[in-house]
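Asks: Got a sequence here, can you model it:
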Amino acid sequence: MLHHFTYVSSAASLFSGEQLAQLLETARDANERAAITGMLLYKDGNFMQTVEGPEGAIAGLRERLHGDPRHKGLLVLLSGTREERLFDGWSMGFQDLADADASALPGYSEFLDSELTARSFGDKPAASQRLLLTFKRKLR
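Replies: Next up is the predicted model:
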């Protein structure tokens with residue numbers, strides 16, 4: 001049984017392209033070692049991420065994220081268990097939604113312009129999974 005959670009948070013300060021690249025490199029290495037897969041979206045200083053993996057690895061990651069000073073206002077939208085991975089083979093898929101190339105992806109819609117905030121997804125957490133899975137399909 002896999003454990004998973006999806007959250008939104010705000011960056012303590014805006015990330016540069018170089019900072020995002022470093023964050024991704026570190027996360028991908030750590031996730032591969034811990035058998036964690038997932039997807040990270042970033043837009044205008046806000047993050048949305050979903051991760052899945054073994055219970056202990058996910059619990060440890062969740063604890064580290066809550067203590068990470070690079071972001072604030074972390075709100076877990078979804079959490080639970082599932083039998084199969086939704087992001088198999090993705091140590092950490094990524095898309096910067098503010099990137100002009102993102103809007104050129106096939107299937108891009110106004111839904112993808114949503115702010116990655118608790119205000120946008122707090123009352124409809126399942127929409128966060130739809131958004132993340134949309135980018136998974138488009139980035140293959």
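Asks: what's the longest helix in this structure?
Replies: Secondary structure of the chain per DSSP state H: the longest helix is helix 17-34.
Asks: on contacts alone, who are the packing partners of that helix?
Replies: The criterion is 3 or more Cβ pairs under 8 Å, 6 or more residues apart in numbering; DSSP states H and E, and the helices and strands that helix 17-34 contacts are strand 37-43, strand 46-53, helix 55-67, strand 93-96. Yep, even glycine has a C-beta here, placed from its N, CA and C like the rest.
Asks: That one to helix 55-67, inter-axis angle?
Replies: 150 degrees (axes from the mean of the first three to the mean of the last three Cα atoms, to 10 degrees).
Asks: List the buried residues of helix 17-34.
Replies: By 16 or more other Cβ atoms under 10 Å, the buried positions in helix 17-34 come out as 23-24, 27-28, 30-31, 34.
Asks: Same check on stretch 37-50?
Replies: Buried, per 16+ other Cβ under 10 Å, within stretch 37-50: 37-43, 45-50.
Asks: model confidence over that stretch, on average?
Replies: The average pLDDT for stretch 37-50 rounds to 87.
Asks: Likewise for stretch 1-18?
Replies: 90.
Asks: start to end distance for it?
Replies: 36 Å (Cα to Cα, to the nearest Å).
Asks: just to revisit the earlier point, could I get the helices and strands packed on helix 17-34 as JSON lines with distance to Ala12?
Replies: Below are the helices and strands packed on helix 17-34 laid out as JSON lines (distance: least, Cβ to Cβ, whole Å):
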{"stretch": "strand 37-43", "distance to Ala12": "14"}
{"stretch": "strand 46-53", "distance to Ala12": "11"}
{"stretch": "helix 55-67", "distance to Ala12": "13"}
{"stretch": "strand 93-96", "distance to Ala12": "17"}
